[in-house]
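**Student:** Build me a structure from this.
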Amino acid sequence: MLLSLGLIILLGLALNSIISRFRIPSLIGYIITGIILGPYVLDLISPDLLNISSDLRKIALIVILVRAGLTLDINDLKSVGRGALLLSFLPATFEIIAIGFISQLFFDMTIIEGLIMGSVVAAVSPAVVVPRMISLIEKKRGTEKSIPQMVLAASSLDDIYAIVLFTIFIQFYETSVFDFQSILLMPVSIILGVIVGILFGIAMQYLFKKFHMRDTIKVLIIFGIAFVLDFLESSLKNILPFSSLLAIITMSLTILKTYPILAARLTSKFSKIWVFSEMILFVLIGALVNITVIGNVGFSFVLLLVLAIIVRFIAVLISTTKLNFNFKERLFIFFSYLPKATVQAAIGAIPLQLGMPAGELILGVSVLSIFITAPLGAILIDQTQELLLNKKATLA
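**Tutor:** Now for the predicted structure:
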């Protein structure tokens, strides 16, 4: 495993150094590193490392969510609350339905398999979007209209929504019965996630104020609580459902609200941790890329993805109507809603594992969506932000 980590670090940094000269985001180099070292090319990543890759990706996601919560001032969302709410489900809904029906024209699959494919592909990637929105907040670009704050909050909810629909469609495929209880429990999961996060956030800020300890220890405590919350979500899902992802981000928001000085220091700590987490996350996503499966999917899915992106663009325009955004700003919000990676890497293989006839196709489509939209979205966000977003004026 140590050899694998050494190769990942050295090749990842080398490729990152090369592509950075062309102003290409570092995640591209890391994804290519994963493909080269992964089981479908050179097969130099230890099976032990691949076996825990889902846990490592979850840790990276926790780093993203904590950074987001420590950076996002909830007061900034008041003026765009309607937009954040609509963006949390409308683009995903449009894209799932579009893929569900358009897939019938291109592939030999049932409508429920098409909807499962849609729910896998539709989710926005927090791994790509959140760090970039945090960077925009720090640079005060687009913050006058709370654009990065809105995208940051909405994209986190978008993932939960897509995963819930994926679970419902999978259950219908297996039982031919829609579980309306899961739909009704989704608001409960969101509300309980927020409540749990607030309670833990209040408890931690009290602990950190009462007892003196190094910030490094505080970071470890936050990690420990986040890991426990993730375990509790999976253990209690049939008894008391709650979203651990929302709990983690709300916990961090509460620390920011009640202890802003500490939040600023912790943000710096988690920013440093993210440097390595980003590498591991995208290298392991790249290792999932089966080039032969992508070849089998071919041009048909590229066309399907283009059509789905057009539908998503329409949904983003609808979600941002009657808000104080000009067309350039709405176009940037759409670019921010393009990248797909984290959720697709997490659930893309489940239909294949369940023996679904279209399982390999769904996996290939999910991987190809990562390979196309993650780099494209990252590049568009990075290269157009100065053109499309205004920088908030600061007092001299």
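
**Student:** List the residues that contact the nearest residue to Asp382 once chain neighbours are set aside.
**Tutor:** Setting aside the residues directly before and after it, Asp382 is nearest to Pro25 in space (C-beta to C-beta, 6 or more residues apart in numbering), at 5.9 Å. Using the backbone N, CA and C atoms, a C-beta is placed for each residue, glycine as well. With contact taken as C-beta atoms under 8 Å, 6 or more residues apart in numbering, Pro25 is in contact with 375, 378-379, 382.

**Student:** Buried members of those residues into ChimeraX, please.
**Tutor:** Written as a ChimeraX command, the selection of buried residues from those, which uses 16 or more other C-beta atoms under 10 Å, is:
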select :375,378,379
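
**Student:** From the contacts of Pro25, which land in helices?
**Tutor:** Members of those lying in helices (criterion: DSSP state H): 375, 378-379, 382.

**Student:** tally of neighbours for the residue nearest to Glu144 when sequence neighbours are not counted?
**Tutor:** Across the structure, with C-beta to C-beta, 6+ apart as the measure, the residue nearest Glu144 apart from its sequence neighbours is Lys392 (4.4 Å). Residues near Lys392, counting by other C-beta atoms under 10 Å, number 13.

**Student:** tell me the contacts of Lys392?
**Tutor:** Lys392 makes contacts with 140-144, as judged by C-beta under 8 Å, 6+ apart.

**Student:** separation between Ile255 and Ala162?
**Tutor:** Computed as C-beta to C-beta, to the nearest Å, the Ile255 to Ala162 distance reads 27 Å.

**Student:** CA atoms of stretch 345-357 as PDB?
**Tutor:** The C-alpha coordinates for stretch 345-357 follow below in PDB (Å, rounded to 0.1, in the frame of the first residue of the first chain):
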ATOM      1  CA  ALA A 345     -18.100   7.300  -8.100                       C
ATOM      2  CA  ALA A 346     -20.000   6.200  -5.000                       C
ATOM      3  CA  ILE A 347     -23.100   4.600  -6.500                       C
ATOM      4  CA  GLY A 348     -22.400   4.100 -10.200                       C
ATOM      5  CA  ALA A 349     -21.400   0.400  -9.700                       C
ATOM      6  CA  ILE A 350     -24.400  -0.500  -7.500                       C
ATOM      7  CA  PRO A 351     -26.800  -1.500 -10.400                       C
ATOM      8  CA  LEU A 352     -24.000  -3.800 -11.700                       C
ATOM      9  CA  GLN A 353     -23.500  -5.400  -8.300                       C
ATOM     10  CA  LEU A 354     -27.200  -6.000  -8.100                       C
ATOM     11  CA  GLY A 355     -27.100  -8.000 -11.400                       C
ATOM     12  CA  MET A 356     -29.200  -5.400 -13.300                       C
ATOM     13  CA  PRO A 357     -29.000  -6.200 -17.100                       C
END
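
**Student:** Tell me the buried residues in that stretch?
**Tutor:** In stretch 345-357, counting by 16+ other C-beta under 10 Å, buried: 345-352, 356.
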